[in-house]
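Trainee: From the sequence below, what's the structure:
(one chain, ligands or ions: 2)
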Amino acid sequence: MSQRLLTNAKLATLRDSNTPYGLIERGTLVIDGETIAYAGPQKDLPAVFHGLAAEDQHGRLITPGLIDCHTHVVFGGNRAREFEMRLNGATYEEVARAGGGILSTVTATRAASEDELVETALPRVDALIAEGITTLEIKSGYGLDRDTELNMLRAARRIARERAVRVRTSFLGAHAIPPDYKGRADAYLDEICLPTLRQAHEEGLVDAVDGFCEGIAFSPDQIRKVFDAAAALGLPVKLHAEQLSNLGGAALAASYNALSADHLEYLDEDGIKAMAAHGTAAVLLPGAFYTLRETQHPPLDLLRAYKVPIALATDCNPGSSPLASLLLTMNMGCTLFRMTPEEALRGVTTNAAKALGLEDSGTLEEGKRADLAIWNVEHPAELSYRIGFNSLTQRIFGGS
Ligand code: DI6
Ligand code: FE
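Mentor: Ligands and ions are numbered 1, 2, ... in the order given. Predicted coordinates for the structure are as follows:
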């Protein structure tokens, strides 16, 4: 196994410690194969590593590789025309009549081949990778029929083979009700969504099961049905909850020990208590808040008070968040939601790992995966502070 010694670095270890960011000013990091063998003060470097050739980092900052824990990067077409129509004064109804909205993405995704889905997703994935992302979650949910849902998940798996990035998939068949099942959501779940979930699971395409619990999507009872099916397959769940209204989705998800509840602008204290009791992470998505010009803020102070782990993600999708920058997401988390830069960094590392159920990532410590981002900054707050500026100098994925 090859070993590497990175010296003269600042380490934002994000370990639990009394030091902000778990920061080590004069740090050294040793990589052994795909894992971190040492991350600590230069002066305490174990003697066994002294003989390695040093890669001098000239004081640069090393963080864990970033994790985007909520994306819809695989989809067909885009909705720029719809964006333009609305800014030219068209109403939502006019946009819908012209074929706009989420169902226009469903039509475009159904028309795309698996190859085309991969090809159109890769530029978005590359933009994320260029900012130091090493793990990416990708959801299905723009197919809403068996073949297209499976195509989306296969495309997501292929992205992990075509790029040096780890992909976790979430089955989001319960994202919207397809036109042919209008007014018959339960029939859609029974006839399409759940059988497709079982088949996708059989093919090894599913790491978690997601849903959209909302007046315009699925009711809590319908989501329960989806979660029961996930539990029967031994799959963890997560939920788009309390984005536009409060239906108690977060508490429902927590009662299934969900990995995360996501969006959460309309979350109340009962929901937060349930999340805290079940270890469910909160995933905040400021890109959607920004794009929809939402004014209701997620209850950050209460999430803090109950010590719910808070993650941040792009929600990269063609409608509510056409955002392929996790650094900008961090800035938005601070500026729009008033998170601290340390919370933002933990939100795209340690807590994003929690939201995906990954125990091998998210901090710099012995035994974790050697997924690293190296930045030309003086202080970790710079990552959240700058807008439209990428200070990444090197990304290390699985040690290389
Ligand atoms: N919430 C969202 O913001 C996106 N999906 C979801 O469940 C919207 C997806 C889209 O408009 O294409
Ligand atoms: Fe989403």
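Trainee: Stretch 128-141 and ligand 1, are they touching?
Mentor: No: using CB under 6 Å from any ligand atom, stretch 128-141 stays clear of ligand 1, with a minimum separation of 7.4 Å. Placement of C-beta: from N, CA and C, glycine included.
Trainee: which element is residue 288 on?
Mentor: Assigned by DSSP states H and E, residue 288 belongs to helix 286-291.
Trainee: other SSEs contacting that helix?
Mentor: helix 326-335 (3 or more CB pairs under 8 Å, 6 or more residues apart in numbering; DSSP states H and E).
Trainee: Make sure residue 254 is actually in contact with residue 280.
Mentor: Yes: counting by CB atoms under 8 Å, residue 254 touches residue 280, with 4.5 Å between them.
Trainee: Need the residues touching each of these two.
Mentor: Residues touching both residue 254 and residue 280 (CB atoms under 8 Å, 6 or more residues apart in numbering) are 261, 274.
Trainee: Which one's more surrounded, those two?
Mentor: residue 280 (30 against 24; other CB atoms under 10 Å).
Trainee: Tell me the pLDDT of the more buried one.
Mentor: Looking at residue 280, its pLDDT reads 98.
Trainee: what's the answer for the one 10 residues further on, then?
Mentor: Predicted confidence (pLDDT) for residue 290: 97.
Trainee: Give me the neighbour count for it.
Mentor: 17.
Trainee: In space, what's closest to it - neighbours in sequence excluded?
Mentor: Nearest residue to residue 290 in three dimensions, chain neighbours excluded: residue 332, at 6.0 Å (CB to CB, 6 or more residues apart in numbering).
Trainee: Surely the one you found touches residue 286?
Mentor: Yes: taking CB under 8 Å as the definition, residue 332 is a contact partner of residue 286 at 3.6 Å.
Trainee: These two: which is more packed in?
Mentor: More crowded of residue 332 and residue 286, by other CB under 10 Å: residue 286, with 28 against 24.
Trainee: what's the distance between that one and ligand 1?
Mentor: Taking CB to the nearest ligand atom, to the nearest Å as the measure, residue 286 falls 12 Å from ligand 1.
Trainee: What are the neighbouring residues in contact with that residue?
Mentor: Applying CB under 8 Å, 6+ apart, the residues near residue 286 are 312, 329, 332-333, 336-337.
Trainee: Would you mind listing what in the stretch 251-400 of the chain touches ligand 1?
Mentor: Residues of the stretch 251-400 of the chain that fall close to ligand 1, judged by CB under 6 Å from any ligand atom: 288, 317-320.
Trainee: As a markdown table, those residues with secondary structure would be great.
Mentor: Shown next, in a markdown table, are those (DSSP: H, G, I helix; E, B strand; the rest coil):
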| residue | secondary structure |
| --- | --- |
| 288 | helix |
| 317 | strand |
| 318 | coil |
| 319 | coil |
| 320 | coil |
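Trainee: of those residues, closest to ligand 1?
Mentor: residue 319 (2.2 Å; CB to the nearest ligand atom).
Trainee: Just give me the neighbour total for the closest one.
Mentor: Residue 319 - counted by other CB under 10 Å - has 21 other residues nearby.
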